[in-house]
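1. have a look; sequence and predicted model below, questions after that.
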Amino acid sequence: MGMARYVVDAVVLEGRSVREVARAHGLSKTWIYELIGRFRAGGYEALEPRSRRPRSCPHETPPELVQAVLRLRRELESAGHDCGPATIRYHLLAEREDAPSRATIWRILKREGLIVPQPQKRPVCTRIRFEADLPNEMWQTDITAWALADGQPAEILNLIDDHSRLFLGSDAYRRVKATDVVESFHKAAQLHGLPYSLLSDNGAVFTGASRRGKVLLETELERLGVIFKNSRPYHPQTCGKVERLHQTLKRYLAKQPPARTLPQLQAQLNTFAHYYNDIRPHRALGGQTPLQAYSARTKARPAATSPTTHFRIRQDKVDKTGRVTLRYDSRLYHIGIGRAHKHQPVKLLVADRDIRVIDLNGQLIRELTLDPNRDYQPLTAT
């Protein structure tokens, strides 16, 4: 406002002519007359620079469309889901055909103060991405902690497909044990088939390499012909997809009523998995849902495993005679375990006729191939 006030004072207060002031300072007489008129109408405040924004714009986003964008933003955020421009546009297209572009939605959110700059993040162009070529070519698994409503700790074991980001399984436990990892893996394999490989970090329930041994998961994957891989110590980026899934899942859980029990937490996990797989568009998949990306291509599988192999886990208790039962091909079989294990809870890992019997700590009790010609499978040395 300095020059404008100086010019007005020179003409109005000092009595100098407009021509003289204009010639002395190389200014337009028209501009000086405009300043004087604004001063007489509103005082010195009227000399402040005015916005050059046009009074109307034919390309401006209609107000009702802006409100629809902001409404979806609030709904998605309150539900704990991703609420970025891509997701908002995906849901808006289901409501109306005139949904604006992602860039327009981003500008609306920025103007409303709903996007916070994060300059500390690495530019996308500097990231080195890896993605398996086929679904089931590689699964990633990891454990994350969560707290129940009463503050009691719980652990969540997640499985994700590297190619399609399909959420293969999410199971809540008080504390994940070696048998739980194998059980969750088999549950996912029953639905989606066996993967070619599995990637995890170096947690004690995943690998015994640091103790120069093997845990139950490693021996089970060897038996099934699944290649097992571990990330580099202290390098969570190797398992980046499942680590990112933890973040998305926890943002959702934080918006839900705190689960009081593990079954309640499991119900929340199941609801999220359905939304994540079937409804939520994934930016890394070009706007597809993980289920669409998973279903679009042929599935990889272990080279040594038949695609028709059937996998399941059965929980049982050894009876007083030292036996457990298993129904296979609509026929009931009795498997000898030994009287020393009577009344002991066990789990049966079944891969067609190959059976392994383990205790709840993951220790192998018996391994056998079922003989379909005998109702009773006699006890033999493991």
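-> Noted; the coordinates are in hand.
2. so where's this protein shaky on pLDDT?
-> Within the chain, the stretches with pLDDT under 70 are 1, 119-129, 304-309, 380-382.
3. would you map the strands across the protein?
-> Secondary structure of the chain (DSSP state E): strands at 139-147, 153-161, 167-173, 197-200, 227-230, 311-317, 323-328, 331-336, 345-351, 354-359, 364-369, 376-377.
4. mind putting the ones you listed into CSV with mean neighbour count and distance to residue 273?
-> In this view, the C-beta of every residue, glycine as well, is placed from N, C-alpha and C. Output for those, formatted as CSV (neighbours: other CB atoms under 10 Å; distance: least, CB to CB, whole Å):
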stretch, mean neighbour count, distance to residue 273
strand 139-147, 20, 14
strand 153-161, 21, 9
strand 167-173, 23, 5
strand 197-200, 22, 19
strand 227-230, 15, 24
strand 311-317, 15, 20
strand 323-328, 16, 29
strand 331-336, 16, 34
strand 345-351, 19, 24
strand 354-359, 20, 27
strand 364-369, 16, 32
strand 376-377, 16, 37
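5. residues touching stretch 40-48, excluding its own?
-> When contacts are defined by CB atoms under 8 Å, 6 or more residues apart in numbering, stretch 40-48 is touched by residues 1, 4, 5, 8, 35, 38, 39.
6. buried residues in it?
-> residue 47 (16 or more other CB atoms under 10 Å).
7. what does stretch 70-78 give?
-> Here stretch 70-78 shows 70, 72, 73, 76 as buried, counting by 16+ other CB under 10 Å.
8. list the contacts of it.
-> Residues contacting stretch 70-78 (CB under 8 Å, 6+ apart): 82, 83, 87, 88, 91, 92, 108, 109, 112, 114, 255.
9. again, only this time at 7 Å
-> For stretch 70-78, contacts defined as CB atoms under 7 Å, 6 or more residues apart in numbering pick out 82, 83, 87, 88, 91, 92, 109, 112, 114, 255.
10. do stretch 196-210 as well
-> So stretch 196-210 is in contact with 136-143, 176-178, 181, 214-215, 217-218, 221, 226-231, 233, 239, 300-302, going by CB under 7 Å, 6+ apart.
11. 6 Å - rerun?
-> 137-141, 176, 178, 181, 214-215, 217, 226-231, 233, 239, 300, 302 (CB atoms under 6 Å, 6 or more residues apart in numbering).
12. cool, and stretch 326-344?
-> 318, 320, 322, 323, 324, 325, 376, 377, 378, 379.
13. for the last one, give me its contacts.
-> Meaning residue 379. So residue 379 contacts 336, 338 (CB under 6 Å, 6+ apart).
14. that one and residue 335: what is the separation?
-> Residue 379 sits at a distance of 9 Å from residue 335 (criterion: CB to CB, to the nearest Å).
15. in the chain, which residue is most central in space?
-> residue 245 (2.8 Å; CA atoms, centre = their mean).
16. might one say that that one is in contact with residue 161?
-> No: look at residue 245 against residue 161 with CB atoms under 6 Å: they stay out of range, at 10.7 Å.
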